[in-house]
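> Structure for this input, please:
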Amino acid sequence: MADCVFCKIIDGEIPSTRVYEDDRIIAIRDLNPQAPVHVLFIPKEHIASADELNKDNCDIVAHIFSVIPGVAKELGLTNGYRIVNNCGEDGGQTVKHIHFHLLGGKKLEVTMA
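As a prediction, this is how the structure comes out:
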């Protein structure tokens, strides 16, 4: 999508610090980190949110989750980490391109039981 900031990052129009990339996804450092390690995993295919996942595109989530453990290990997250996806305005999604936050590098507060 022409106005999507993540699509522009994927296309190289906006600079980013990439920590992982393959033919289907990129992982970049978050510009406003909420933890010592804060990386965004973004599919190269534009999918606006989890609400747009379906049988034809949901395999991207499995791919992302298969990559996260290796990246987390490379980044030194040996004592655990958190993975977050915000969906929709009320869920806190600010960029309308599905992505997953990898957070770690310190003991994270439990926000939900």
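> Please, where are all the helices along this structure?
5-10, 59-74 (DSSP state H).
> Which strands and helices lie in contact with the last one?
This means helix 59-74. With contacts taken as 3 or more CB pairs under 8 Å, 6 or more residues apart in numbering; DSSP states H and E, helix 59-74 sits against strand 18-21, strand 25-29, strand 37-43, strand 81-84, strand 100-104. For glycine as for every other residue, the C-beta is placed from the backbone atoms N, C-alpha and C.
> In CSV: the ones you listed, plus mean neighbour count.
Putting the helices and strands packed on helix 59-74 into CSV (neighbours: other CB atoms under 10 Å) gives the following:
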stretch, mean neighbour count
strand 18-21, 15
strand 25-29, 19
strand 37-43, 22
strand 81-84, 16
strand 100-104, 21
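> export those to CSV and tack on distance to residue 3 and mean pLDDT?
Below are the helices and strands packed on helix 59-74 laid out as CSV (distance: least, CB to CB, whole Å; pLDDT from 0 to 100):
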stretch, distance to residue 3, mean pLDDT
strand 18-21, 22, 98
strand 25-29, 19, 98
strand 37-43, 16, 98
strand 81-84, 24, 98
strand 100-104, 22, 98
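> picking up where we left off before, deepest in the core, which of the helices of the chain is it.
The highest mean neighbour count among those, using mean count of other CB atoms under 10 Å, belongs to helix 5-10: a mean of 18.
> And residue 78, what's its pLDDT?
Looking at residue 78, its pLDDT is 94.
> rewinding a little: can you add distance to residue 50 and mean pLDDT and give the helices of the chain back as CSV?
What follows is these, written out as CSV (distance: least, CB to CB, whole Å; pLDDT from 0 to 100):
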stretch, distance to residue 50, mean pLDDT
helix 5-10, 15, 96
helix 59-74, 8, 98
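> Can you give me every residue that contacts residue 18?
26-28 (CB atoms under 8 Å, 6 or more residues apart in numbering).
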